[in-house]
Structures are given as structure tokens and as C-alpha cells.
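Engineer: predicted model and sequence follow; I will ask about them next.
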Amino acid sequence: MHPRRRSPPYSSAAIADSLRNALRAKEADVQYAADLAQEHAADARRHQTARELSDAQAAQLEEELNIAREAFNGIAAQEEENALLHETIERLRADLDELRGATADRGSTNSRDVSRPGTINRSLGVEMLVQLAESERKKFLDSNGMNSTDRTLDEMTSEDPPESPRSDDGMTYQTMITTRRVRAS
């Protein structure tokens, strides 16, 4: 007797079905992985677009910040200039009040005397004279092609004043010029 062959517990149809099921499961896994990869690629594109937009916005904000800084610096310089002008106006008002007080002390009742232009105080006059002389000096140096930083007005005024002209007899002569305005009534 031949030993009887035992048939395997699974038949070839069962094995084929089991392999088909395993193949379908693998295909489903592959499809799931492909879907995840597509989602990841789409997320990467969205993030890249968002990054480019944020970089562009950052560049625009930086440009606006630079413009704002320039405007601030300009305003600060203007405020400083306004403060200097305010100081000058206050000095002129004080001088005008002083002049009006001096006019009132003289007892003048003539209205034309009150409206007559007065003089400025000595320190303001000297300051204005120095500024005028400096600007004229710069114009002169620029027109002659010289460097305006060669000598400043302060250096020139800090030197000893030139000697007054002397005559043959050793006497010093000094010329003073004064002017006076007279208004016609």
C-alpha cells in the first residue's frame, strides 16, 4: 500500500486567492503612500509660496522702515532748525520789548517814533555778522576754487588783530564809520 498522500490544507485556488489578497493589500499600501507623497508635495508647494510671500513682505517692510528713518531724520533736523529759529525770534522779541521800553522811557508820544526801526542788541548783531562773513567767505573760496576748510572764520578771528596803520610820526589812526537813517515825515 502506498501511503496516501495527504493533500495540503490549502488548495491551489486558496493559495491563489491568498496571493491575490496580499497583492491587493500591497497595492492599497502603495496607493496610500502615493497619496501621502502627493499631499506632502502639495504642502511643500504651499509652504514655498507662503515663504516667498513673507520674504517679499519683509523686503517691503524693510524698505518702508528705511523711508520712515529718512523721514524721521529729516523731521529731527527740521525740529532743530525750528528750535534755533524760535530762539532767534525770542531774542528779537526781547530786543523789541527793550527798544519799546527805551522809547517809552524817553517820553515820546509821537507814534512815528514807536514804529521807527530800532537796532538789534550787540550779541545778536555780532552773531549775524559772523554768519554773514562766514557765508561770504565760503562763496569767495568756492568761486576761486579754494578749499573752504583751509581756514575757518574762528581761526581768522582768534588770531591777533592786525596792527592799525601808523603815520610817520608814530601816531595810530583809526577810522570809524557811523550811519544814521532819517525818515522823511
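Structural biologist: Cool, got the structure.
Engineer: okay, now the unreliable bits of the protein?
Structural biologist: The chain contains residues with pLDDT under 70 at 1-10, 105-120, 145-185.
Engineer: could you say what helices and strands whichever strand or helix holds Ala50 packs with?
Structural biologist: Taking DSSP states H and E as the criterion, Ala50 maps to helix 12-105. The helices and strands touching helix 12-105, judged by 3 or more CB pairs under 8 Å, 6 or more residues apart in numbering; DSSP states H and E, are helix 111-115, helix 122-143. (Glycine included, C-beta is placed from N, CA and C.)
Engineer: quick one, the last one and helix 12-105 angle?
Structural biologist: What it means is helix 122-143. Put simply, helix 122-143 runs at 120 degrees to helix 12-105, going by axes from the mean of the first three to the mean of the last three CA atoms, to 10 degrees.
Engineer: give me the helices and strands touching helix 122-143, please.
Structural biologist: Using 3+ CB pairs under 8 Å, 6+ apart as the test, helix 122-143 ends up in contact with helix 12-105, helix 153-158.
Engineer: adding distance to Val126 and mean neighbour count, write those out as a markdown table.
Structural biologist: Formatted as a markdown table, the helices and strands packed on helix 122-143 follow (distance: least, CB to CB, whole Å; neighbours: other CB atoms under 10 Å):
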| stretch | distance to Val126 | mean neighbour count |
| --- | --- | --- |
| helix 12-105 | 12 | 10 |
| helix 153-158 | 10 | 10 |
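Engineer: put together a markdown table for those helices, with distance to Asn144 on each row.
Structural biologist: Formatted as a markdown table, the helices and strands packed on helix 122-143 follow (distance: least, CB to CB, whole Å):
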| stretch | distance to Asn144 |
| --- | --- |
| helix 12-105 | 29 |
| helix 153-158 | 16 |
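Engineer: ok, which of those comes nearest Asn121?
Structural biologist: helix 12-105 (4.9 Å; CB to CB).
Engineer: please work out which of the helices and strands packed on helix 12-105 is packed deepest.
Structural biologist: helix 122-143 (a mean of 12; mean count of other CB atoms under 10 Å).
Engineer: quick one: closest of the helices and strands packed on helix 12-105 to Ala28.
Structural biologist: helix 122-143 (87.6 Å).
Engineer: out of the helices and strands packed on helix 122-143, the one nearest Leu132 is which?
Structural biologist: Using CB to CB, those put helix 153-158 closest to Leu132, at 10.2 Å.
Engineer: before we move on, the earlier item: out of the helices and strands packed on helix 12-105, nearest to Ser11?
Structural biologist: helix 122-143 (111.7 Å).
Engineer: please export the C-alpha coordinates of that closest one as CSV.
Structural biologist: In CSV, the C-alpha atoms belonging to helix 122-143 read as follows (Å, rounded to 0.1, in the frame of the first residue of the first chain):
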residue,chain,number,x,y,z
ARG,A,122,25.1,143.7,20.3
SER,A,123,25.4,139.9,20.8
LEU,A,124,22.7,139.1,18.1
GLY,A,125,24.4,141.6,15.7
VAL,A,126,27.8,140.0,16.2
GLU,A,127,26.3,136.5,15.7
MET,A,128,24.6,137.7,12.5
LEU,A,129,27.8,139.4,11.3
VAL,A,130,29.8,136.2,11.9
GLN,A,131,27.3,134.1,10.0
LEU,A,132,27.2,136.6,7.1
ALA,A,133,31.0,136.8,7.0
GLU,A,134,31.3,133.0,7.0
SER,A,135,28.8,132.6,4.2
GLU,A,136,30.6,135.3,2.1
ARG,A,137,33.9,133.7,2.8
LYS,A,138,32.6,130.3,1.6
LYS,A,139,31.2,131.9,-1.6
PHE,A,140,34.5,133.6,-2.2
LEU,A,141,36.6,130.5,-1.7
ASP,A,142,34.2,128.4,-3.8
SER,A,143,34.3,130.9,-6.6
